[in-house]
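Participant: what follows is a predicted protein model with its sequence.
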Amino acid sequence: MKLPMPPKPAAGKEFALLFAQDILAERIAELGQEISKDYAGKNPVLVGVLKGCIVFIADLIRHISIPVELEFINASSYNGGLHRDSTVKLGDEPEISFRGRHVLVVEGVVDSGNTANKIMNLIRRQEPASIEIVTLLDKTKCREIAVDIKYRGFDAENHFVIGFGLDKDQKYRNLPFIGRVLNED
Ligand code: IMP
Ligand code: MG
């Protein structure tokens, strides 16, 4: 089956293509293989950070060949649109215990690092055997707090990105590629 073509960036458009579907698929397959190798013989718990993780985690787990468990946590930091609100709101903690478990936090994008930092601290209190982060996109230039990221798909520079689970005002999550928002203001 032929995959739908992403729209071509054009004058007056809200976004331009940044990472196409085939590029994303190839990199996600590599990440899955790397994780399968690193966690061989273990049974890690993947903790997806909602909602941005959804498309990435769905693709990633299908490239992981070892047994994994899935949990999710809700987080919100942006006030809907492009402008950052550094107060991160976390939803209820997953009900399982992370004590002694190998935990892999799965993010769509790490930007200031506030969300990832808060989630890592929350889980660390339960004394997991290990805790790492895998993010599809990393905006290293936008960091306000240092976070140690073991697995990253791509560096998204300082672009505001949409698609593949990521939103602007809750829109665009369903785009099958990653675009960068034009005229950010
Ligand atoms: P951080 O706490 O600043 O690292 O931001 C992380 C959260 O902000 C992510 O989980 C996303 O929900 C949202 N976010 C950050 N950058 C972007 C972006 O470029 N596009 C869409 N959402 C973003
Ligand atoms: Mg958002």
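Facilitator: Structure's in. What do you need? Ligands and ions are numbered 1, 2, ... in the order given.
Participant: which stretches in this structure count as strands?
Facilitator: Taking DSSP state E, the strands of the chain run over residues 15-19, 45-50, 69-78, 84-90, 102-110, 130-138, 151-155, 161-162, 178-181.
Participant: and of those, who's closest to K37?
Facilitator: With Cβ to Cβ, the closest approach to K37 among these belongs to strand 151-155: 11.5 Å. Where you see a C-beta, it was placed from the backbone N, CA and C, and this is true even at glycine.
Participant: need the residue closest to the centroid of this structure.
Facilitator: Residue closest to the average C-alpha location in the chain (Cα atoms, centre = their mean): G108, at 1.7 Å.
Participant: in this structure that one contacts L137, no?
Facilitator: Yes. Assessed by Cβ atoms under 8 Å, G108 is found in contact with L137 at 6.7 Å.
Participant: who touches both of the two?
Facilitator: L166 (Cβ atoms under 8 Å, 6 or more residues apart in numbering).
Participant: nearest to ligand 2, out of the strands of the chain?
Facilitator: strand 69-78 (4.8 Å; Cβ to the ion).
Participant: packing partners of that closest one?
Facilitator: Secondary-structure packing of strand 69-78 (3 or more Cβ pairs under 8 Å, 6 or more residues apart in numbering; DSSP states H and E): strand 45-50, strand 84-90, helix 114-124.
Participant: could you report the neighbour count for the residue nearest to the residue nearest to the centre of the chain when sequence neighbours are not counted?
Facilitator: Excluding the flanking residues, the one nearest G108 by Cβ to Cβ, 6 or more residues apart in numbering is G52, at 3.1 Å. Around G52 sit 26 other residues, with neighbours defined as other Cβ atoms under 10 Å.
Participant: how close does G52 get to ligand 1?
Facilitator: 4 Å (Cβ to the nearest ligand atom, to the nearest Å).
Participant: and the pLDDT for K139?
Facilitator: Looking at K139, its pLDDT reads 97.
Participant: I misspoke; the intended subject was E14.
Facilitator: pLDDT, E14: 89.
Participant: give the contact list for it.
Facilitator: Contacts of E14 (Cβ under 8 Å, 6+ apart): 181-183.
Participant: which stretches of the chain have low pLDDT?
Facilitator: Filtered on pLDDT under 70, the chain yields the residue ranges 3-12, 78-86, 184-185.
Participant: how about the residues of it by ligand 1?
Facilitator: By the rule Cβ under 6 Å from any ligand atom, the part of the chain lying against ligand 1 is 49, 52, 77-78, 84, 88, 107-116, 160-162, 166-167.
Participant: any idea which helix is longest in the protein?
Facilitator: The helix spanning the most residues in the chain, taking DSSP state H as the definition, is helix 21-38.
Participant: can you list contacts of that one?
Facilitator: 3, 6, 44, 56, 59-66, 104, 134, 136, 151, 153-154, 164, 176-178.
Participant: kind regards, and thank you for your time.
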